[in-house]
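> Need the 3D shape of this:
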Amino acid sequence: MYAHSTRSHIPQPPHSAGTPYKGLRAAIDPNQIPSPVDTIEADREKWEDQPYMTLPGKHPPLSTTDFVAVDQGNTSPRFVRMSTWNVPSTSRLASECEIPIAAIIQPFADLDAREEAIPLVEPGPAGPARCASCRAYINPWCTWVAGGGKWKCNLCSHETEVASEYFCNLDANFLRLDHLQRPELNKGTVDFAVSEEYWTPHPPPSIQPLYYSVIPNPTTGVRTPQPMDYVFAFDVSQEAVRSGFLKIACAALLESLYGDGESIPGCFPQTSRIAILGFDRTLQFYNLSSEVVGQPPMLVVPDIEDVFLPSTSGLFVNVAESRDAIVDLLTTLPLRHEQTFEVEAALGSALAAGLAGLAGRGGKMVIFAATLPTIGIGALQPLVDEAALYGTDKEKTLFIPRQETWKDIGEQCASEGVGVSMFLGMGRPIDVGTIGTVSTISGGELYFHPKFDPVKDGVVLSSQLKRLVSRTTAYSCSMRIRTSNGLRVSSQLGNFYESAAADLEFGTIDADKAIAVALEHARTLDESQFAFIQAALLYTTVSGERRVRTFNVALRVAALAGNVFQYADMDATVSYMIREAISKLPSGKITHIHEDLTEKCALILYAYRKFCAASAAPTQLILPEAFRTLPLYILGMMKTKPLKGRNVTADVRNYHAHKIMASSARSIMFRLYPRMLAVHDLNDEIALPDANGKLDLPSLMRDSHLFMESHGVYIIDNEDMLVVWVGGSVSPQLLKDLFDVDDIMQLDPHILSLPVLSTRLSAQVRNILAHRFAQRGYIPKFAVARQDLDGAEIEFSDMLVEDQNNAAMSYLDYLCLVHKQIHTALTTGASISSGHGGFRSMPW
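Take a look at the predicted model:
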């Protein structure tokens, strides 16, 4: 569809400096090297008109494809994606293949509108049937013995008696007669409604309590599930008021609660209650009771070291019943503090106050912070010159909390079933590495708006808050991964608190969060049997129902390297590898992490070469079908903000590290290789709804200036930011159709979105962007970059992953480097792995 010729390409736009290739290499046509776009487009076409049936033995669709899955007893890859769908039979084969055995689990992933909802099973007071030995939940892969009187666990092979109320006779195929009526026996993903036995226990008292409780919290027994409550805490210090952050945050919350009164409805859960507090040098609580007439009374707690709730009356209120008081408070809060001289804000104390309010029931805390907390609980001093630490042994200190108090706050929030999300709208460094720990451990999320601009960032913040309150969210969550005999969990990566019993605890978990689980062999697996994984998540819904969601995956076992590579999944492998790399930031140098990534990439490709394509000439670069573009995604990892070489501020690194550690496979693939579109090449039919309302989306193009022309308009999108690049020789008609101007100098680079015009091109582009918004639920930051005119061009150019930028090589150079390592290993027998004689000592 696009002219991919590189003859008349533009010069590389302004960019952050890259790294040249050391030595000589052959001249290679960029068109000849593997492109992820080809793979993504081919997969999209394959699954466009056919559903994916989940039984083992087929390649699942890529995470970047919009597919429809039909659950046949194996969980949809939307929820669990494996790095290989054929598990190596022995630990030796696994180490020879070098592919990590990992699962990416996204428990509340949004379903496609065409897919059936996850079934809810009501097992009664006895609860779901569970294995008496390993405590696994009953699932489609269990077998029935003793005429239906016992069931055999697919994980540990133990036979468990069937409860009398659950008994049913078997048919001639040894299946229960009610097999099709019981979703837990034929669906890979089900929800069980559970009884009091599964309710959240009250956590034991903390050694160092963060707040003083007037009414002692119970420390034994269980808590009754209730609808999720929210605490919204606003920084009302001078910085928040001056930048407009407080005003925008209050307006965004009002819109999320009640809509705008016209076209946008409110999206806040109707069963939930909210509390609102402000914080600077003091903590300000508000009585929002509907019985109070006039302005909501304010209760001030000046002691920010010993936090307590001044009153519980009117603190938490129903959004509909107390509408007048809430609207009044959120409208007047920015005005009340307009003349404030308070420059400090006790963020740690505000978190303790929110925790005090939610203790004993769990819920969600949403904090709007603009100032480094230099007073109160967990007070921090401003950061020293961080640039001097890069490349030294002290570099790792930038990625660990400077005060253990913040870790303690996160752990107490997680154990109380409280998730903390923070909107950061600061003008100066705020130490995300320390304060962000609370969100990371409690399963919350960070939203990062440095040098907050109310005009530019207001729309984005508002859409992020709407997504936060409207997406599927659960609280007081606990997860455990179980595996069949022969496999075991070796490590778990993501944003959660890992308890002493190796359970993963989340204050909250939502539709956008995923975790990675690495597996290893405990003994040899039987090729004639499946290997199994079961993930079980115990949670409370927003409306206050206690449930267990189970995910069951059956995997084939392979004894040959070729079969392992044939069913490898690059999306899951890449998602695990980047999490593993980021998890090393607190313990190793960035340069060493880069070397590790290159080494792993070369080892996987070398293993394929050695065990699956040994007869080919060493000079030939042979790539496995599943990992054709692995070098490009590894290079993309080195160009991401957390792992990028050279100067990136610690706040930016830590924010992006936090985001990626909890991102879905789809989001990670789009972050590492942003979607780029040539707007001027759209044909007349694309991206316009047909008679059935279906939208046919255009093909993407490769992320390199070598495929760009100066008369073109391009859109690039990396999930955080969307940039429209306008070439210097663009035609006036194209500008008129898209921006309603006919001269590039008249184009305002500060517009907040594309104008709504009646032209076909405008409708096409807005339809594409609206489709992306519907998929992810929020609006990314928006910028226009005119060729050689606007500062946003550097952001655009740095997203061109295939070019030489971001303190790293171009894709072509990097591919040559990896090929050189493999070629040397094949011809000289040198080891690729680090250590004596490894490639780390080589000049390149």
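> Quick check: can you name the pairing partners of the lengthiest strand in the chain and their directions?
Counting residues, the longest strand in the chain under DSSP state E turns out to be strand 546-558. Neighbouring strands of strand 546-558 in its sheet, by DSSP bridges, are strand 86-88 (parallel), strand 189-193 (antiparallel), strand 531-541 (antiparallel).
> Would you format the ones you listed as CSV with mean neighbour count and mean pLDDT included?
Bear in mind the C-beta positions are built from the backbone N, C-alpha and C, glycine included. Shown next, in CSV, are the strands paired with strand 546-558 (neighbours: other Cβ atoms under 10 Å; pLDDT from 0 to 100):
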stretch, mean neighbour count, mean pLDDT
strand 86-88, 24, 97
strand 189-193, 23, 98
strand 531-541, 23, 98
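> Which element, helix or strand, includes Leu722?
strand 721-726 (DSSP states H and E).
> Would you mind putting the CA coordinates of that strand into CSV?
The C-alpha trace of strand 721-726 is given here as CSV (Å, rounded to 0.1, in the frame of the first residue of the first chain):
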residue,chain,number,x,y,z
MET,A,721,2.6,10.0,23.2
LEU,A,722,1.2,10.5,19.7
VAL,A,723,3.1,12.8,17.3
VAL,A,724,2.0,14.0,13.9
TRP,A,725,5.0,14.8,11.8
VAL,A,726,4.5,17.1,8.8
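> And the contacts of that strand?
Contact with strand 721-726 is made by 13, 679, 708, 713-717, 735, 744, 747, 754, 769, 780-787, 792-793, 795-796, 799, as judged by Cβ atoms under 8 Å, 6 or more residues apart in numbering.
> and with 6 Å instead?
713-716, 780-786, 792, 795-796 (Cβ atoms under 6 Å, 6 or more residues apart in numbering).
> which one among those residues gets closest to Leu155?
Taking Cβ to Cβ as the measure, Leu155 lies nearest Pro780 of those, at 41.6 Å.
> Can you list phi and psi of the closest residue in space to Leu383 that isn't next to it in sequence for me?
The shortest distance from Leu383 to any non-neighbouring residue, by Cβ to Cβ, 6 or more residues apart in numbering, is to Pro429 (5.4 Å). Backbone torsions for Pro429, taken as degrees, to the nearest 10, come to phi -50, psi 140.
> What is the burial count for Pro429?
Counted by other Cβ atoms under 10 Å, the residues lying close to Pro429 total 15.
> Is it in contact with Asp385, as I believe?
No - here Pro429 does not reach Asp385: they are 10.9 Å apart, not a contact under Cβ atoms under 6 Å.
> which residues of the stretch 101-250 of the chain score low on pLDDT?
Applying pLDDT under 70 to the stretch 101-250 of the chain flags residues 214-220.
> ranges for the helices of it?
Residue ranges of the helices in the stretch 101-250 of the chain, as given by DSSP state H, counting those that start in this stretch, are 238-243, 245-258.
> hang on, the earlier thing: ok, the residue nearest to Leu383 to Thr405 distance?
Taking Cβ to Cβ, to the nearest Å as the measure, Pro429 falls 19 Å from Thr405.
> Show me what the helix or strand bottoming out on mean pLDDT in the chain is packed up against.
Every helix and strand of the chain was ranked by mean pLDDT, DSSP states H and E. The lowest is strand 211-212, at a mean of 80. In this structure, strand 211-212 makes packing contacts with no helix or strand, judged by 3 or more Cβ pairs under 6 Å, 6 or more residues apart in numbering; DSSP states H and E.
> Report the strands that pair with that strand, each with its relative direction.
By DSSP bridges, strand 211-212 pairs with strand 307-308 (parallel).
> So what's the gap between the partner strand and the chain middle?
34 Å (Cα atoms, centre = their mean, to the nearest Å).
> contacting residues around it?
With Cβ under 6 Å, 6+ apart as the criterion, strand 307-308 contacts 211-212, 349, 352-353.
> same thing with stretch 54-68?
Contacts of stretch 54-68 from elsewhere in the structure, counted by Cβ under 6 Å, 6+ apart, are 40, 43-44, 47, 51-52, 69, 71-72, 74, 76-77, 112, 114-115, 554, 556, 571, 665-666, 669.
> Pull out the buried residues from those residues.
Neighbour counting with 16 or more other Cβ atoms under 10 Å marks 40, 43-44, 47, 52, 69, 71, 74, 76-77, 115, 554, 556, 571, 665-666, 669 as buried within the contacts of stretch 54-68.
> Now, those that are in helices?
Counted as lying in helices by DSSP state H, out of the buried ones among the contacts of stretch 54-68, are 40, 43-44, 47, 571, 665-666, 669.
> would you turn the residues you listed into a markdown table with distance to Val648 and pLDDT?
Below are these laid out as a markdown table (distance: Cβ to Cβ, whole Å; pLDDT from 0 to 100):
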| residue | distance to Val648 | pLDDT |
| --- | --- | --- |
| Ile40 | 28 | 96 |
| Asp43 | 33 | 95 |
| Arg44 | 33 | 95 |
| Trp47 | 37 | 95 |
| Asp571 | 26 | 98 |
| Ala665 | 24 | 98 |
| Arg666 | 25 | 97 |
| Met669 | 22 | 98 |
